[in-house]
Structure formats: structure tokens, C-alpha cells
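Chemist: Take this sequence and fold it.
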Amino acid sequence: MRYRIHISKLLSVGLILITLTSGCGKGTDSTADLTLLSVWAHAGQESERSVLQQQVARFNQAHPDIEVQLTLIPEGSYNAQIQAAAVAGELPDLIELDGPFLSAYAWQGHLQPLDDLLDPGLVADLLPSIIAQGSYADRLWAVGVFDSGLGLYADRAKLNQAKLRIPTLQQPWSLQEFETALGQLAMKDPDGRVLDLKLNYAGEWYTYGLSPLLQSAGGDLIERDQLRSADGVLNGAESRAILTRLQNWITGRLIDPNIDDAAFTGRRVPLALGGHWNYRQYRASLGDDLLLLPMPDLGTGSKTGMGSWCWAITTTAANPRVAAGFIAFLLTTEEVLAMANANGAVPAIRSAIDASPRYRAGGPLHLFYQQLDKGHGVPRPRTPAYPIITAEFQGIVDRIRSGSDVAAALDSAVNKIDREIAANRGYPLPGEQQP
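Modeler: Next up, the predicted model:
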């Protein structure tokens, strides 16, 4: 029986490809003597594209018998285009995937495990969050060269003015402290709006940035043991309580809608939920007043988002060990730092962390590394059902913002998620007995 998967409008999206072959002097007449490696990646920010193109050129020059052929695909439709190519049987040897969607490709049989293809020493140097993101059904399917950081940026001057304790990862703010801080900051603020949750981002940001609030409060998007139901978890008491608080923060006018994306840089708010990508702009605006704080402990410890783009080898790869060799090259300390310096993300290997002025001990973003290394990062659910889970959670946040009943919004989402999982019979693995 063919199982369906909830990724909308996949087959209708055409591939828009920009192919870049860095042959480094290798003429087309010599391709018969070369091992060709086709690689697809998302066309992210210009600095990332430039670094990746340079990395391909360096690899090709160092390996005259191999030619990496890089294709960049526009980021906005990347997941849909990759899925359409998978259905059509036209995937390349190596693909870059947005981490949370990895499980769907592995379950569909489009990827091959990396367990026996990567050197154990390299795997041991990876951050635990990179391993967690790339794992599904007890196998490692993908690895990234960077991870993401999520925390609370703060205006030191305004926190000191309100006489607030500066939290640490060892002693984060409790829920009571966090709400007290919001109240004290609001008392000294012209409009009382003191927190930016990046509600102007919308989309996947809601799941990445806001679901850690559920997990810290003891709730979650789905039960994590079997990953076969959201009932009693997403609509459980803990999730309902913290999302009700979120709605109260919004209706109580504590949250700046940040329509102009300048709530924190304009110093309208003293607290801003944000990621590693915000650091450069925030530092330029606040200077030495900029603080990076851990997420508050809402009941079960401080939790943070994690996950980003990662590399996977397809089942149709003609030379999987060559593909693994290119991944290993991208994961050398020098190459990891080259990409991390370009996009500001958390380096994926500890040796690069130690060499990074921003992320090593004493660096301004060391907290992001600590959170990922010490288990505070929670991977978005590693299940082929993730597309429906994130779509429904995004809908929940939209309904909460508009003032809808929280319990009703949660129950509706749970019904849709569980129906999708049931329609796919729990996404059984090949040879697994179906429930």
C-alpha cells in the first residue's frame, strides 16, 4: 500500500535551477575520466552562496579525479522542489535538506544512512544537536556544517534600570521571574510593550522559536516515544496553560508586533527573542548594552530551538563514498569556520567552536553553543508527520494572536495531526509491524 505524506503542492512546482560547475581547469572533454558528483543546495544569502561555491572550487582543485557539479535552488520553494524531484526519481547524489524535513525523505526511502560512510572521529567531533537533527529511526541520515542559536537578547541598561537579575544558563529566569520582569520593564516603558517575539516572521519561525516554550512548560507538539499522536500532549494541560499565557501577553499589550522589524534595534523593547542571525545588527545598534540570555525555565528547564540545513546522500548516488568525502571536506575546521563566518551560525564541530572568537569560551555567543552542547536544544519532531505538525502549530499561533479560544485551537490541530498519522498507519518503517 502506498502511504501519502502531507507536503502540499509538491508535484506542481517546477524546478528552477542555477547550475554552477567549478571544474578548476577540467575541460568537458575529460569528463569520461572524472567521477562526477551532482550536488543540490539551497540558494541562501549571498555570503553563503559565495562560500559554498568557493568550497566546491577548492574541493575540485584538491581532487583532480572528481568534479562536484553544484546546483543552487531558490530557497523559497526548495523543499517542494526537492520533493518533486524525489517523486520523479531525479534526485542528485548529494542534497542539502532543511533539518526538520529530513525524516520524511528518509522514511520515503530517498536517503541512505551515513553511519558507515563517515569517519567515527568526525562524528565524535559533531555537536550533539547535529547528531540529533540528522537522526531518524536510530540511524544517522544527514549532518550539517552549522546549527542555529536561539535565546533572549536584552538591553543591559534597561534591565539594570528595572533592577532585574541577569539570568544565566545555570540559573535562568523562572516563569514567575520572567513575568515579573515583563511587568517591571513595562512600568518604565512608554507604551508598555517590552518583548519582541518576532511575530512578524511567521511561518516556520513560530514552530522553531515558540515551541520551546511548550517544551519548557512540560508540553510538546507530539508525544515523543512513538511519535504517533499529539492527543494529550499538544492539547494537554501544560501546553494549554503556557499558550494561554502567551495569548495574555499579547492581549495585555506586553508584546511589540514588530511590524517594522526594528523593535529591538530601535530600543522600543528591552527583550527580544532571536537567533544567531540577529547578532550583528543588534550589536551594531546596542553596542556594549547588548546581552544574550538563556530562555526562561517555564517548569521543566530552559529549552531552546535548534536545527538548520544539513547534507544527505541519496539512494541513487552512484558513488556514496565520494559524496561522503565531500561532506567530510565541508566538515573540516577551516571549511566549517568559513561558512560560520559567512552566516554567523553555530559551528557544527567542537574544534571549530574552539577556534571561533564568537562561540568559544568568553565569546559573545558562547551561550548558543552551551545550550546545544548541554542538551537544552529540542529537535523539532523527527517524524515524517512533521510537515502537518508545523503547519498546524503555525495555525495555532495565528488563532491565538487573533483572540481565538486556546483549547479549541489545540483540539482542532490535534485532530488534524492524528488523522494524518493514522492515514499513514503511523509511518511504519520497512519490515516494521504496523499498529
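Chemist: okay, which residue is most central for this protein?
Modeler: Gly307 (3.1 Å; CA atoms, centre = their mean).
Chemist: so how many other residues sit close to Ala88?
Modeler: 10 (other CB atoms under 10 Å). For every residue, glycine as well, the C-beta is placed using N, CA and C.
Chemist: where does Phe393 fall, phi/psi-wise?
Modeler: Backbone torsions for Phe393, taken as degrees, to the nearest 10, come to phi -70, psi -40.
Chemist: number of nearby residues for the closest residue to Ala85 other than its chain neighbours?
Modeler: Closest residue to Ala85 apart from its sequence neighbours, by CB to CB, 6 or more residues apart in numbering: Leu91 at 5.3 Å. The number of residues packed near Leu91 is 22, by other CB under 10 Å.
Chemist: Break the protein down into its structural domains.
Modeler: 18-148+307-373, 150-303+382-435 (automatic domain parsing).
Chemist: Could you tell me the least trusted of these?
Modeler: Lowest mean pLDDT within the domains of the chain: domain 18-148+307-373, a mean of 92.
Chemist: Which stretches in the stretch 51-200 of the chain count as helices?
Modeler: Under the criterion DSSP state H, counting those that start in this stretch, helices of the stretch 51-200 of the chain are mapped to 78-87, 102-107, 120-125, 128-134, 156-161, 175-187.
Chemist: can you redo those as a markdown table with mean neighbour count and distance to Tyr201?
Modeler: Shown next, in a markdown table, are the helices of the stretch 51-200 of the chain (neighbours: other CB atoms under 10 Å; distance: least, CB to CB, whole Å):
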| stretch | mean neighbour count | distance to Tyr201 |
| --- | --- | --- |
| helix 78-87 | 21 | 17 |
| helix 102-107 | 24 | 22 |
| helix 120-125 | 12 | 32 |
| helix 128-134 | 23 | 20 |
| helix 156-161 | 15 | 23 |
| helix 175-187 | 17 | 20 |
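Chemist: Can you convert those helices into JSON lines and add a column each for distance to Thr244?
Modeler: Shown next, in JSON lines, are these (distance: least, CB to CB, whole Å):
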{"stretch": "helix 78-87", "distance to Thr244": "32"}
{"stretch": "helix 102-107", "distance to Thr244": "30"}
{"stretch": "helix 120-125", "distance to Thr244": "42"}
{"stretch": "helix 128-134", "distance to Thr244": "29"}
{"stretch": "helix 156-161", "distance to Thr244": "26"}
{"stretch": "helix 175-187", "distance to Thr244": "13"}
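Chemist: nearest to Ile222, of the ones you listed?
Modeler: helix 102-107 (12.1 Å; CB to CB).
Chemist: contacts for the closest one?
Modeler: Residues from elsewhere that reach helix 102-107, judged by CB atoms under 8 Å, 6 or more residues apart in numbering: 5, 7, 82-83, 86, 97, 111, 133-134, 136-137, 139, 141-142, 310, 312, 382-384, 386-387, 427, 429.
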